[in-house]
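Chemist: have a look; sequence and predicted model below, questions after that.
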Amino acid sequence: MKQIKYWGVLIFFASILFIGCKNSSNSKETSSEKTELTDTEDEWVSIWNGKDLTGWNTYFNSPFSKYDITQEGFLGLNNPAQDIIDVVQLGDGSAIRISGTAFGMMFTEQDYGNYHLKLKVKWGNDKHPPVENSLRNTGLLYHGFGEPGSAYAYLNTVEFEIQEGNMGDFWPIGDIEIDVPSKPTDSEFHQYDENSPLRTYSTTKFYKEGLTEHVDVGLMDSLVKMYVKKFPDKENKHGEWNDIDLICFGDSSIHMVNGTVVMRLFNARKMSDKSPLKAGKLVIQSEGSEVYYKDIRLKRIDKMPAKLVTKE
């Protein structure tokens, strides 16, 4: 099954990352320094109420079953078990705890476009089969469209990767194509670089067909064309909260980790028909690891923040 093969890709790829990680465009952003954005508090709206999951839907596969929806215990839409996702009280306030015991997502009822999103995320301790030996993993997905489960356990989305050591990376989930200024590196994968030309990344043949026993040059080339590593690495150490900023205007987006731009993406579109992606649902993934989210806030914008864009 395509879904099971896909999981083989992720396990293989996670092992590579573990080893390898320890412009429309007359404009660019400065990504190596922390950027202080000035805001007034009344501009921000909390899209999580701090008490329950009102305003959000959930979709989960069977516990410990990767992406196989045929197994007993499949949960599906809006049937969350409390040990999979819950609101908990921590010493610094309420948070959403995702246990990771089932693969799936929570996603907004509403579509969003032209916004600045802020949230905080930190890792818990637990990891679960079948990824108990892999990097802790979750993700913030955006511009989501399609039915729940139409792209594995998720929607078709652009991914702001939230994974140990790889916070801010880009993945396409489903029917996605996008352009990123990037460059080849000493590893197999391209890295975000604000001064490099745009390269196109999309859901490739490798991603669709899964991993074979022999990874030839053609398959690795396909994987390279669907994944971009962030730069620089600004993730805090395990157990500390990380400040995540996602800024989307039109079909462009910016990934920020702890106040620093780590990636910028242009010309988001559907791979199938090249139509632009400028809005959609927000998604938070459950991918086998315990993780906490809180302070999920959003404000509307009518342009990219000036402090993140400098004219050449």
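Modeler: Okay, I see it.
Chemist: CA only for contacts and neighbour counts going forward, please
Modeler: OK.
Chemist: what residue ranges in this structure score low on pLDDT?
Modeler: Scanning the chain for pLDDT under 70 picks out 1-33, 38-42, 68-69, 204-223, 310-312.
Chemist: tell me the bridge partners for residue 76.
Modeler: With DSSP bridges as the criterion, residue 76 is bridged to residue 60.
Chemist: hang on, it packs against residue 60?
Modeler: Yes - shown here, residue 76 and residue 60 form a contact pair, counting by CA atoms under 8 Å, at 5.2 Å.
Chemist: what about these two, which has more around it?
Modeler: Neighbours were counted for residue 76 and for residue 60 using other CA atoms under 10 Å; residue 60 has more, 30 against 17.
Chemist: and for residue 127, nearest residue in space, chain neighbours not counted?
Modeler: Spatial nearest neighbour of residue 127, excluding adjacent residues (CA to CA, 6 or more residues apart in numbering): residue 289 at 4.6 Å.
Chemist: I'd say that neighbour and residue 129 touch.
Modeler: No - counting by CA under 8 Å, residue 289 sits too far from residue 129 to count as a contact (9.4 Å).
Chemist: so what sits against both of these two?
Modeler: Common neighbours of residue 289 and residue 129 (criterion: CA atoms under 8 Å, 6 or more residues apart in numbering): residue 101.
Chemist: of the two, who's got more company?
Modeler: residue 289 (28 against 16).
Chemist: tell me the spacing between that one and residue 181.
Modeler: 30 Å (CA to CA, to the nearest Å).
Chemist: same deal with residue 119?
Modeler: 25 Å.
Chemist: compare these two (neighbour count), which wins?
Modeler: Set residue 119 next to residue 181 and count neighbours by other CA under 10 Å: residue 181 wins out with 23 against 19.
Chemist: so who does residue 170 touch?
Modeler: Counted by CA under 8 Å, 6+ apart, residue 170 has contacts 158-161, 227-230.
Chemist: top of those by neighbour count?
Modeler: residue 158 (30 neighbours).
Chemist: name the SS class of that one, please.
Modeler: strand (DSSP: H, G, I helix; E, B strand; the rest coil).
Chemist: what's opposite it in the beta bridge?
Modeler: Here residue 158 sits in beta bridges with residue 142, residue 172, as judged by DSSP bridges.
Chemist: my guess is it contacts residue 145. True?
Modeler: No - assessed by CA under 8 Å, residue 158 is found out of contact with residue 145, at 10.1 Å.
Chemist: any idea how far residue 265 lies from residue 96?
Modeler: Distance from residue 265 to residue 96, by CA to CA: 28 Å.
Chemist: and residue 186, how many residues sit next to it?
Modeler: 8.
Chemist: now it, what are its backbone angles?
Modeler: Phi and psi for residue 186, reported as degrees, to the nearest 10, are phi -70, psi -20.
Chemist: where exactly do the helices run in the stretch 151-300 of the chain?
Modeler: For the stretch 151-300 of the chain, the helices defined by DSSP state H, counting those that start in this stretch cover 205-209, 217-224.
Chemist: just list whatever residues bridge to residue 202.
Modeler: residue 177.
Chemist: which ones are touching it?
Modeler: Listed by CA under 8 Å, 6+ apart, the contact partners of residue 202 are 172, 175-178, 225-226, 271.
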